[in-house]
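Student: Structure, please.
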Amino acid sequence: MFAVERPARCVGYFRCEVGISALRDVANVEASPGTAEDIPPPATGSETPFASDYDVRSPLPARRRRPTDFNSPVAPIRQIIGALGVTVLVVLLLAAKGIVHAAEGMPPGPITSVTLAIGNAALDFDEVFHLTWPWDTLESALGQGQSSTTAPLLQQPPPGTARHHRGGGSKQRTGKPGKGGHGHGIQPVEHRVGPVWPPLRPITRSRPLRLLVTGDSLVGYMGPQILNEAAAQGAVIGWTDTHDGTGLTRPDFVDWSVVAHSQVGTYHPDAVVIMMGGNDFQNMVLGQRIFYAGTYGWTREYQRRAEIVMRKWIDGGVRRVYWLSMPPANNPSWAHDDQDINIALQRAARQVPGVHYVNVLGPITNHGRYTDYVPVNGVQTLIREPDGVHLNIAGSDIVAGEVVPIVKREWQFGWGAMRRRALRFQQDSGLLSRVGATA
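Tutor: Numbering: from 1, shown residues only. From the prediction side, this is the model:
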């Protein structure tokens, strides 16, 4: 505080100024934890005292500081680093399984090696001290808990298992393949002596074709378009079953062999149309082996898994499976993986009687290469989503226009075909009646 040398009785502006300043000083004194003796008594008399009635020449006691009742919110840097270190250590120990699995799906390199080394060390520690239960509990809560048996796609084939014979039957041709497999339609497959393809049942109004369209998010638009177009052309009843974010590379997340088995029991389809692979640009793990994307071993493993899923449908009573080719992505590395996926699917389809590999790349690519636009009725039309992976509504409609004629031609579910079959049946019945009457 400071003392103001000013007459006790000021008038006008100065009197008010001194009064306000003194009142502030009094308020500060009253707010301080001092005793009553520290505060000077007010002036006496009939007049209302002003603040200037105090002896302003005597300095007021300085305001005392209250002791701090709480710590400062700013922590030392050492405490912050220590807290972060403890957090990282806890996460590393409790999520060691997830770290190891994520590292196994990473491309090869120094970062992958370091991550695997750290993750495996933490996982060994967790298993010794039984600290894996938080991660297992979380997976169980998310519906990804461990089962008593290994997922079918992760079961390793016995050593020396013979390859399956190729299915019997005639050559299947509905499209003229281009160079490098970039044509469209069912690819020609030379079927050797082996299991016979499941026979097709006749389609009637009372017993329509039961058609299931399934896959990952790639069939989001395509599924309803295929079913609507097929139902408009003949006796078809159908369903779509989309599992976004899934594929064959991560059966620990969703095992498509289990999905296929469930679909057979739920929908009882006669035919299945599937497109999948938009999430399969990653490595695969089988036991202690890692198959890196882009390698021959990866393609063979993908083929093995595709065969298992195909057989789940066929063995469950599905008579035909139409597995559509994977459109190339805009990313060159992913496009290379898409090509490997298509090679694996084509080889797998040759091993399972009743499965067609349908190449739909012709009308939605630039000679097998990625493109955003294709001519539709003479007009350049956008067919891809901005992510460079999915087909948009226009692109999905093009694929539906390729697939439905193939299914219709094989199953003969069109209204005209059913009328012709009914007419032949009536003629045959009449012929048999006349023969019986003559006899």
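Student: going forward, measure contacts and count neighbours with C-alpha atoms only.
Tutor: Fine.
Student: Can you give the domain ranges for this protein?
Tutor: 1-65, 77-146, 179-422 (automatic domain parsing).
Student: winner for burial among those?
Tutor: Highest mean neighbour count of these: domain 179-422, a mean of 19 (counted as mean count of other Cα atoms under 10 Å).
Student: Of the domains of the chain, which is nearest Q155?
Tutor: domain 179-422 (7.9 Å; Cα to Cα).
Student: ok so, going back, just send the domains of the chain back as JSON lines, with mean pLDDT too.
Tutor: Formatted as JSON lines, the entries for these read as follows, by pLDDT from 0 to 100:
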{"stretch": "domain 1-65", "mean pLDDT": "50"}
{"stretch": "domain 77-146", "mean pLDDT": "73"}
{"stretch": "domain 179-422", "mean pLDDT": "91"}
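Student: Columns distance to Q155 on top of these, output as a markdown table?
Tutor: Conversion of those to a markdown table gives the following (distance: least, Cα to Cα, whole Å):
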| stretch | distance to Q155 |
| --- | --- |
| domain 1-65 | 74 |
| domain 77-146 | 14 |
| domain 179-422 | 8 |
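Student: who's in contact with stretch 386-394?
Tutor: For stretch 386-394, the external contacting residues (Cα atoms under 8 Å, 6 or more residues apart in numbering) are 217-218, 221-222, 278, 327-331, 381-385.
Student: got the CA positions of that stretch in CSV?
Tutor: These are the backbone C-alpha positions of stretch 386-394, laid out as CSV (Å, rounded to 0.1, in the frame of the first residue of the first chain):
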residue,chain,number,x,y,z
PRO,A,386,-13.9,-42.2,-54.1
ASP,A,387,-12.0,-44.8,-52.1
GLY,A,388,-10.8,-46.4,-55.3
VAL,A,389,-11.9,-49.9,-54.1
HIS,A,390,-15.7,-50.1,-54.2
LEU,A,391,-18.1,-49.9,-57.2
ASN,A,392,-20.8,-47.2,-57.0
ILE,A,393,-24.4,-47.8,-57.9
ALA,A,394,-23.7,-47.4,-61.7
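Student: need the helices for the stretch 101-250 of the chain, in chain order.
Tutor: Ranges of helices within the stretch 101-250 of the chain are 110-128, 133-141, 222-233, based on DSSP state H, counting those that start in this stretch.
Student: Just tell me which of those helices ends up closest to A306.
Tutor: Distances from A306 to each of those were compared using Cα to Cα; the minimum, 20.2 Å, belongs to helix 222-233.
Student: then the closest one to PDB, C-alphas only?
Tutor: Taking C-alpha atoms only, helix 222-233 is exported to PDB below (Å, rounded to 0.1, in the frame of the first residue of the first chain):
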ATOM      1  CA  MET A 222     -24.800 -55.000 -56.100                       C
ATOM      2  CA  GLY A 223     -26.900 -57.500 -54.000                       C
ATOM      3  CA  PRO A 224     -30.200 -55.800 -54.300                       C
ATOM      4  CA  GLN A 225     -29.600 -55.000 -57.900                       C
ATOM      5  CA  ILE A 226     -28.900 -58.600 -58.800                       C
ATOM      6  CA  LEU A 227     -32.000 -59.800 -57.000                       C
ATOM      7  CA  ASN A 228     -34.300 -57.200 -58.400                       C
ATOM      8  CA  GLU A 229     -33.100 -57.800 -62.000                       C
ATOM      9  CA  ALA A 230     -33.300 -61.600 -61.600                       C
ATOM     10  CA  ALA A 231     -36.800 -61.400 -60.000                       C
ATOM     11  CA  ALA A 232     -38.000 -59.200 -62.900                       C
ATOM     12  CA  GLN A 233     -37.000 -61.800 -65.400                       C
END
